[in-house]
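In: Please find the sequence and the predicted model below.
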Amino acid sequence: MAERFTQRQGEYLTFIHLYLTLNKRAPAETDFQAYFGVSAPAVHQMIVSLENRGLIQRTPGQARSIRLLVPPETLPGLKVPPPVALEGTAFAERYPHIAFWVKNHGWIELGYDYNTDTCARAIDEGGMPWGGGEIGQTVDEWMQTLETGLKECLAELKLR
């Protein structure tokens with residue numbers, strides 16, 4: 001049987017599947033841009049192409065309405081290099097307070113948590129000293145929010 005989609009289309013379909021699984025909602029076009037490191041028109045063209053091939057379905061006029069019409073077991077893995085914006089930048093340079101927290105105090109979690117109504121959390125053995133972020137933000141925005149929140153939290157706790 002011939003492939004129903006190209007390798008690149010498969011990567012987008014896999015991204016949709018994983019995003020839906022992790023976030024319980026469809027990705028926005030900006031989420032594709034951030035992950036794949038491509039332009040808005042390139043993402044839109046791919047989404048239209050996937051819809052025209054019957055691989056996804058969208059509800060006109062409704063944001064984040066992508067539905068996957070391909071069985072997940074037929075999807076390939078993601079084979080995408082890191083976005084260009086992150087190349088050459090060490091994590092600790094980009095997020096020094098997060099790096100300090102993880103190295104010295106605890107761990108972080110990203111993704112919406114219904115119990116705490118947060119999307120980015122700093123956690124240690126004693127609980128969650130900082131949590132924030134909004135469900136409509138991108139992962140990059142969660143990281144920036146977490147970086148800013150941890151900076152203030154660490155200063156308040158006099159840990160840095």
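Out: Okay, I see it.

In: Contacts only, for the residue most central in space within the chain.
Out: What sits nearest the mean C-alpha location of the chain, by C-alpha atoms, centre = their mean, is V139, with 4.3 Å. Applying C-beta atoms under 8 Å, 6 or more residues apart in numbering to V139 gives the contacts 31, 34, 110. Using the backbone N, CA and C atoms, a C-beta is placed for each residue, glycine as well.

In: go on, A120?
Out: 108-110, 131-133, 142-143, 145-146, 149.

In: Show the subsequent helix or strand relative to the helix or strand bottoming out on mean pLDDT in the chain.
Out: One helix or strand of the chain scores below all others by mean pLDDT, DSSP states H and E: helix 91-94, with a mean of 83. Following helix 91-94 in sequence order, the next helix or strand is helix 96-104 (DSSP states H and E).

In: For that next one, list every residue counted as buried.
Out: 97-102 (16 or more other C-beta atoms under 10 Å).

In: Over to stretch 53-64?
Out: Buried residues in stretch 53-64 (16+ other C-beta under 10 Å): 55-56, 58, 64.

In: Between all of the residues you listed, which two are at the greatest distance?
Out: L55 and R64 (17.2 Å; C-beta to C-beta).

In: Can you verify A26 is assigned to a strand?
Out: No - assigned with DSSP: H, G, I helix; E, B strand; the rest coil, A26 falls outside any strand and is coil.

In: Poorly predicted segments of the protein, please.
Out: 1-3, 78-89, 160 (pLDDT under 70).

In: repeat that with 80
Out: 1-3, 77-90, 159-160 (pLDDT under 80).

In: Helices along that one, start to end?
Out: Counting by DSSP state H, the chain has helices at residues 7-23, 29-36, 40-52, 91-94, 96-104, 139-156.

In: what about those helices, which gets the closest to T118?
Out: helix 139-156 (9.3 Å).
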